[in-house]
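In: Can you look at this prediction? I've put the sequence above it.
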There are 2 protein chains.
Amino acid sequence: MMAEEFKVTPWEVKGKIDYDKLVKEFGVQPLEKLPKSFYDEVLFRRGMIFAHRGLGQIISAIEHKKPFVMMTGLMPTGKFHLGHMILARQMIFYQKLGAKIYICVADVEAYNARGQSLEESRQNAIEEYILNYVALGLKPENCVIYFQSERSNDAKKANAYYRLQNLLARHATFNEFKAVYGEITPGKMISALLQASDMLHPQLREFEGPIPVVVPVGIDQDPHIRLARDMSSRIKMHNVSFKELSSTYHTFLPGLNGGGKMSSSDQTSFVALTDTPEDAAKKVKKYAFSGGKDTIDEHRRFGGNPDIDVSYQWLRVFEEDDKVLKKIYDDYKSGVLLSGELKNLLIVKLSAFLTEHQKRRESAKKSLDVFMKKVQ
Amino acid sequence: MMAEEFKVTPWEVKGKIDYDKLVKEFGVQPLEKLPKSFYDEVLFRRGMIFAHRGLGQIISAIEHKKPFVMMTGLMPTGKFHLGHMILARQMIFYQKLGAKIYICVADVEAYNARGQSLEESRQNAIEEYILNYVALGLKPENCVIYFQSERSNDAKKANAYYRLQNLLARHATFNEFKAVYGEITPGKMISALLQASDMLHPQLREFEGPIPVVVPVGIDQDPHIRLARDMSSRIKMHNVSFKELSSTYHTFLPGLNGGGKMSSSDQTSFVALTDTPEDAAKKVKKYAFSGGKDTIDEHRRFGGNPDIDVSYQWLRVFEEDDKVLKKIYDDYKSGVLLSGELKNLLIVKLSAFLTEHQKRRESAKKSLDVFMKKVQ
């Protein structure tokens, strides 16, 4: 099979992605030698989080029980799907390790990029994203969730956050924005500056003061991280100095239909966390891209390719047992396991997960008001 | 004498300005038929405020004793000079007519455009601008002064002001910004959006709600007004609707050296309100551009040109008595009054003003802390 061409920019991900090549191109560091606790999380254990910038200071904070922040954002549009879970699991992982969690609802960006009203964004953020975070295990303790359009009900904090956005503008050129965003509009530019403030403001004295901050992202988002790091190194404000941002990079959970990244705008691509187990099973059967051969005979003789098989890729997240996963890999590769059988293994895991998750989601609904009061 | 070429853009004013031509080019309305109270102010009486957009709703508010806002900004760099007084007099004029006065200290713009720190801007704004406003008669009642970098100590207001800045970005194109600002940078663009929020935010429900707002500016600033008006007509926000901005346009007080507009970056151009009467007199004698002839003989025979004479132009502001001013005009034109004599008439008026003003400034210093507490 010929190597497929791939493309990874903040605004487009397509093709079969060569992550090793991206590590070199973007100049990020491969992830090696993590503390033991990291390997409890399959995303780290199985190399789905595969690269970083400056994670050393985060590891050091964890080892010395010093405070640190995990910062992330959510775009409050569309359904919350399995792809979003990759990030949600990292929130919960870092929260257990002692991080203060900052979650930004990018409602200003949703308005400027897609014309979505702030009210719609608020509703979508709470019902789709935050409710699922809670069901997945996010705790209100040491967690802050805010909206870009309304940073804080503490005026000192609100002023400080937007002040940083405004002053950062001096410290980047148009060409830098174009390199990150391609075609640029005033709306994209001001959203980009707000996003940089999102990543950097936890270190202002009105918030935590200088502190290690880790931003976990998909590798396509690295240009945003670089720009924020560059701006923070250039800005000189009274009483402000930033520790360099840390970041980690995860692979994309592929969409059902194969290459690229799961997208909520494509029905043949995603499974939502609110899909019934039956609907999810149907989607997997109908759309999941297979690494198997065209006929059973050929498959038995030559084996399948788990590395491009979507069901196998998803099982890497849902099958916690390394030995079981390895057996699936080997059996598929040798041709012992057929594509339909592999799909069924995924469906069993996925159904169990969705059933359990949707129960938790119902209980989360009851405590959501209390949760929001604690985190806002 | 040939007609000099002139140029008026928000970033450059030069040459002998043909205001009638500008009225047509910019599509603003000439000022006619004002209520009597307006003619108490020489700037209106003598046509130095000469055009407007939508002033009808302000006049109507004044006549029906309805609330309205006068909004203006100050760039906290350099010395406060006679040119700045043109705007300060309008603040005090509208305040007496019942307006709520909003004054914005453009410290974010000073940072982005000139790299001036927020601390320097704060000090310059208070010592140069606000102190002089108070000495000129600005009262703390019904007056709000705020810094762009720290809008309010009421979180609802701070969030609302910056939210408007962020959402306005969707409603203008890069080309519109370029038309207003020429060469554009991220810093200029974000400052421009903040300036639009400065002009429009008094109408948010967190502030006054929809209300007539007048922004008095030099005619060179009209493109800013137009852009803010355009954006406000395009934005659709829940619970927000804007009355169209009103504006008035004033001529520039010419710099000592003649054409264009007084500039604090040119020593041969400005007289500061903190210059001693002696220093001011020296500057006038040395630099004031004269409309007189080269020799006394010629001047006596052909007369001078008051319309280009800086001393006469300044007397239009400092000589309140219309009859006296008319006599000066006629005498200069006929050659009865010599250029040196005209300069002396200005020096007498200017000295009296500066002496009195500097006394008031000393008393204003004592009450400044109280004043700032009331207006912030």
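Out: Happy to help now that I have it.
In: Just want the residue of the stretch 251-376 of chain A that's nearest chain B.
Out: A:Q376 (11.9 Å; C-beta to the nearest C-beta). C-beta here means a position set from N, CA and C on the backbone, and glycine is covered the same way.
In: List the contacts of that residue.
Out: Residues in contact with A:Q376 (C-beta atoms under 8 Å, 6 or more residues apart in numbering or on different chains) are A:V144, A:I145, A:Y146, A:N153.
In: repeat for A:Y129
Out: Contacts of A:Y129 by C-beta under 8 Å, 6+ apart are A:L74, A:P76, A:F80, A:H84, A:V105.
In: Just to check, the last one is in contact with A:V144?
Out: Okay, so that is A:V105. No: A:V105 is not in contact with A:V144 according to C-beta atoms under 8 Å; the separation is 11.2 Å.
In: Of the two, give the one with the bigger neighbour count.
Out: Higher neighbour count among A:V105 and A:V144: A:V105, with 25 against 18, using other C-beta atoms under 10 Å in any protein chain shown.
In: separation between that one and chain B?
Out: A:V105 sits 13 Å away from chain B, going by C-beta to the nearest C-beta, to the nearest Å.
In: Could you pull up phi and psi at that residue?
Out: phi -90, psi 110 (degrees, to the nearest 10).
In: Would you map out the domains in chain A?
Out: A:16-251, A:259-376 (automatic domain parsing).
In: now those domains as a markdown table including mean pLDDT?
Out: Shown next, in a markdown table, are those (pLDDT from 0 to 100):
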| stretch | mean pLDDT |
| --- | --- |
| domain A:16-251 | 95 |
| domain A:259-376 | 95 |
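In: Please identify the most buried of these.
Out: domain A:16-251 (a mean of 19; mean count of other C-beta atoms under 10 Å in any protein chain shown).
In: Show the end-to-end separation of that one, please.
Out: Counting by C-alpha to C-alpha, to the nearest Å, you get 11 Å between the two ends of domain A:16-251.
In: Run through the strands of chain A in chain order.
Out: A:7-9, A:12-14, A:29-30, A:49-53, A:69-74, A:100-105, A:143-147, A:213-218, A:246-250 (DSSP state E).
In: interface residues of the stretch 151-300 of chain A facing chain B?
Out: With C-beta under 8 Å from any C-beta of the partner chain as the criterion, the stretch 151-300 of chain A meets chain B at residues A:151-159, A:162-163, A:165-167, A:169-170, A:172-174, A:177, A:184-187, A:189-191, A:193-194, A:237-238.
In: And the residue of the stretch 251-376 of chain A closest to chain B, how far from A:D321?
Out: Computed with C-beta to C-beta, to the nearest Å, the distance linking A:Q376 and A:D321 is 39 Å.
In: One more: A:I296?
Out: Distance, A:I296 to A:D321, by C-beta to C-beta: 27 Å.
In: export the contacts of A:Q376 to TSV and tack on distance to A:D220?
Out: Output for the contacts of A:Q376, formatted as TSV (distance: C-beta to C-beta, whole Å):
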residue	distance to A:D220
A:V144	26
A:I145	24
A:Y146	24
A:N153	34
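In: got the residues of the stretch 1-150 of chain A near chain B?
Out: Going by C-beta under 8 Å from any C-beta, the residues of the stretch 1-150 of chain A near chain B are A:V108, A:Y111, A:N112, A:G115, A:S117, A:L118, A:E119, A:Q148, A:S149, A:E150.
In: Much appreciated, bye for now.
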